[in-house]
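*Asks:* Kindly generate the corresponding structure for this input.
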Amino acid sequence: MQAASSVSFSTPSRWRRFTCMMYEGVLLFGVVFLAGYLFDTLTQSRNALMFRHGRQAILFIAIGVYFLASWSKKGQTLPMKTWNIRLVGRDGEPPTTARLLLRYLLIWPLPLLGALLVLAGSRITGYSSTDLFIVFTPFTLFIWTWFDPDRQFLHDRLAGTRLVNVALA
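*Replies:* Got it, this is the predicted structure:
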């Protein structure tokens with residue numbers, strides 16, 4: 001007998017979303033490793049700077065395929081299932097593929113802006129060790145949640161999606 005689950009429109013806590021994001025990073029390591037390995041094998045590149053922009057494009061697409069495939073099935077990646085979080089449209093229905101693609105594209109600007117600020121800080125101070133702060137840039141996504149009335153991410157607000165709790169019955 002399988003337990004049914006119901007979706008509530010309550011927003012998962014920032015802590016749960018953070019831990020889900022950490023777990024997602026572990027799985028993305030595998031996605032990036034596999035895509036990078038295939039790219040290097042097929043292009044016979046010998047170092048990371050060979051075909052750099054092509055590699056970045058392939059990794060962007062591979063990560064996108066991972067997320068879009070996961071979200072389009074039941075609105076969840078494996079970490080989202082683990083933490084009982086689901087991605088839905090504003091109305092609670094599964095989002096369209098176009099909305100999912102828009103969400104994926106809108107996730108990137110804030111962390112990339114954060115990375116540019118880290119680079120600028122490194123150049124201004126002259127200390128290359130400040131480049132290590134780049135590990136914190138993915139968490140710039142959380143800044144908007146402090147201002148949003150539903151504590152949603154900015155990319156979810158703009159894409160017409162939301163993260164909700166999944167209650168197990």
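*Asks:* drop to CA atoms for contacts and neighbour counts, all remaining ones
*Replies:* OK.
*Asks:* Kindly list the longest strand within the protein.
*Replies:* Assignment by DSSP state E gives strand 161-168 as the longest strand of the chain.
*Asks:* Which elements pack onto that strand?
*Replies:* strand 5-7, strand 85-89 (3 or more CA pairs under 8 Å, 6 or more residues apart in numbering; DSSP states H and E).
*Asks:* ok, and for stretch 130-147, which residues are buried?
*Replies:* Buried residues in stretch 130-147, counted by 16 or more other CA atoms under 10 Å: 131, 134, 137-138, 140-142, 144.
*Asks:* what do you get for stretch 30-44?
*Replies:* 31-32, 35-36, 39-40.
*Asks:* Could you tell me the per-residue confidence at the spatially most central residue of the chain?
*Replies:* Central residue of the chain (CA atoms, centre = their mean): I107, 6.4 Å from the mean position. Model confidence at I107, given as pLDDT, is 96.
*Asks:* who's in contact with it?
*Replies:* By CA atoms under 8 Å, 6 or more residues apart in numbering, the contact list for I107 reads 141, 155.
*Asks:* Please report how far it lies from L117.
*Replies:* Using CA to CA, to the nearest Å, I107 is found at 17 Å from L117.
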